[in-house]
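Colleague: Whatever this is, show me its structure:
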Amino acid sequence: MAVPIVEVDGVTKTFGDSVRALDGVSLDVPEGIIYGLLGPNGAGKTTLIRVLATLLKPDAGTAKVAGVDVTKDPTSVRNRIGLAGQAAAVDAYLTGRENVEMVGRLYNLSAAEAKRRAADVLERISLTDAADRPVRTYSGGMKRRLDLAASLVGRPQVLFLDEPTTGIDPRSRVEVWDMISELVDAGTTLLLTTQYLDEADQLADRIGVIDQGKLISEGTADELKDRLGGAVIELSVPDEEAAATIEALSRLDCDPPIFDPDRKVVTVGAPEGSETLMAAVRLLDGAGIKPADLALHKPTLDDVFLAITGHAATTDEPEPNGNGRRRNRKRSRR
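Modeller: Now for the predicted structure:
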């Protein structure tokens with residue numbers, strides 16, 4: 001079996017006296033795939049990326065990228081990786097071309113080589129026409145693509161993308177998705193974090209679900225969905241009827257139902273499909289409960305996340321920064 005290009009074994013990271021951002025995380029990323037790290041704000045995703053990118057030292061455990069220990073030889077790791085954070089790290093007063101060439105020089109490339117590679121990556125992400133304009137004239141999506149171009153100029157074996165489409169419009173989001181897929185086709189391994197379930201479903205070959213600093217489930221999107229069985233029942237109910245609905249549906253022969261207070265929806269697995277649905281309707285009728293809406297559908301990653309964590313995949317809880325404080329980030333919805 002081939003050695004994974006990213007290896008994480010029992011990594012722990014604590015900020016201050018109480019914020020345990022990573023709690024014994026272990027995972028392997030095979031070469032040449034997109035690995036999606038899925039979880040809400042505050043789950044530990046960004047902290048793990050920062051450890052792998054040598055920006056933070058773990059308190060315990062080991063992490064290797066391309067066979068190199070991130071703590072013992074961080075310089076060699078940096079020569080093998082690219083990183084694009086949540087905010088586009090570009091200089092608004094330089095042109096797009098100057099931004100990418102500057103990063104190339106930071107990789108110790110000669111001026112001529114930095115210029116050549118900058119031209120190459122700018123063409124690769126369809127920014128050649130805008131390359132000589134100041135970045136302050138770029139749209140949000142263009143800035144994000146430029147940031148990705150800068151992360152590619154060093155020709156990394158592994159590219160870390162931390163919530164790459166947060167804050168950009170739907171059209172730009174699709175463009176970034178296409179570019180990410182093309183990068184893997186060209187041989188780059190990607191580890192991306194996201195709180196968008198559809199993004200993980202669309203892009204990732206494998207998905208790790210992280211919550212409260214722990215990796216709680218892992219597999220392909222289909223494998224994760226299959227763990228819920230063939231179908232899922234969703235019922236829209238007001239808050240005051242949630243407890244009675246859960247009590248009634250708990251009599252079904254399946255996993256316990258879960259209530260999502262944000263969406264005001266009770267979700268329960270339906271291993272027998274329509275037969276489970278009919279049984280659920282009888283139980284609700286017997287309890288005098290009339291849901292506003294009731295639907296049977298195949299499980300989505302939303303259902304998976306709710307089932308294994310007990311809450312939705314988005315949350316207001318931010319992730320700690322390097323000083324142990326928590327960054328406030330705007331809540332996002334699908």
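Colleague: all strands of the chain, in order?
Modeller: For the chain, the strands defined by DSSP state E cover 6-15, 19-29, 34-38, 60-65, 68-69, 81-84, 158-162, 189-194, 206-211, 214-219, 232-236, 258-260, 265-269, 293-297.
Colleague: mind checking which of these is nearest residue 150?
Modeller: For residue 150, the closest of these is strand 81-84, at 7.8 Å, according to C-beta to C-beta. C-beta: built from backbone N, CA, C; applies to glycine.
Colleague: roughly how far is the closest one from the heart of the chain?
Modeller: Relative to its parent chain, strand 81-84 has a centroid offset of 15 Å by C-alpha atoms, centre = their mean, to the nearest Å.
Colleague: which residue packs closest to residue 224, ignoring adjacent ones?
Modeller: residue 304 (4.6 Å; C-beta to C-beta, 6 or more residues apart in numbering).
Colleague: For the protein, which segments are assigned as helices?
Modeller: Counting by DSSP state H, the segments of the chain that form helices are 45-52, 74-78, 96-106, 111-124, 140-152, 170-185, 197-203, 221-226, 239-249, 274-286, 301-309.
Colleague: Most tightly packed of those?
Modeller: For the helices of the chain, the largest average neighbour count (mean count of other C-beta atoms under 10 Å) is found in helix 45-52, namely a mean of 26.
Colleague: Run through who's touching it.
Modeller: 6, 8, 11, 13, 21-22, 25, 37, 39, 56-58, 63, 65, 70, 81, 83, 86, 160, 162-163, 191, 193, 210, 213, 319-320, 322 (C-beta atoms under 8 Å, 6 or more residues apart in numbering).
Colleague: Repeat that for stretch 281-297.
Modeller: Residues outside stretch 281-297 that contact it (C-beta under 8 Å, 6+ apart) are 231-238, 241, 244-245, 247-249, 251-252, 266, 270, 273-274, 277.
Colleague: Over to stretch 240-256?
Modeller: By C-beta under 8 Å, 6+ apart, the residues outside stretch 240-256 that reach it are 228-229, 235, 237, 257-259, 261, 264, 266, 268-271, 276, 279-280, 283-284, 286-287, 289, 291, 307.
Colleague: Check stretch 197-210 too.
Modeller: Residues contacting stretch 197-210 (C-beta under 8 Å, 6+ apart): 25, 27, 29-30, 33-39, 43-45, 48, 165, 173, 177, 180-181, 192, 194, 215-221, 224, 300-302, 304-305, 308-309, 313, 334.
Colleague: Next: stretch 67-75.
Modeller: Contacts of stretch 67-75 with the rest of the structure, by C-beta under 8 Å, 6+ apart, involve 3, 51-54, 57-58, 62-64, 76-77, 80.
Colleague: ok, so of these, who is nearest residue 137?
Modeller: Proximity of those to residue 137 (C-beta to C-beta) peaks at residue 53, which lies at 29.6 Å.
Colleague: check contacts around that closest one.
Modeller: Contact partners of residue 53, counting by C-beta under 8 Å, 6+ apart, are 70, 77, 78, 81, 83, 160.
Colleague: farthest pair in those?
Modeller: Maximum pairwise distance among these (C-beta to C-beta): 12.4 Å, between 70 and 83.
Colleague: pLDDT below threshold where in the stretch 101-250 of the chain?
Modeller: 229 (pLDDT under 70).
Colleague: sorry, back to before: just confirm the residue nearest to residue 224 contacts residue 225, I think it does.
Modeller: Yes - with contact defined as C-beta atoms under 8 Å, residue 304 counts as touching residue 225 (5.9 Å).
Colleague: Give me the contacts around stretch 93-105.
Modeller: Stretch 93-105 is contacted from outside by 90-91, 111, 113-115, 117-119, 121-122, 127, 130-136, 138, 142, 146, 149-151, 153-154, using C-beta under 8 Å, 6+ apart.
Colleague: on that earlier part again, if you count surrounding residues, which of residue 70 and residue 83 has more?
Modeller: residue 70 (26 against 21; other C-beta atoms under 10 Å).
Colleague: Look up how far residue 66 lies from residue 3.
Modeller: Distance of residue 3 to residue 66, given as C-beta to C-beta, to the nearest Å: 9 Å.
Colleague: The two: which has the busier surroundings?
Modeller: Shown here are residue 3 and residue 66; by other C-beta under 10 Å, residue 66 has more neighbours (19 against 11).
Colleague: what pLDDT does that one get?
Modeller: Note on residue 66: pLDDT of 94.
Colleague: Kindly reformat the helices of the chain as TSV containing distance to residue 17.
Modeller: Below are these laid out as TSV (distance: least, C-beta to C-beta, whole Å):
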stretch	distance to residue 17
helix 45-52	16
helix 74-78	27
helix 96-106	36
helix 111-124	44
helix 140-152	35
helix 170-185	38
helix 197-203	33
helix 221-226	35
helix 239-249	36
helix 274-286	46
helix 301-309	25
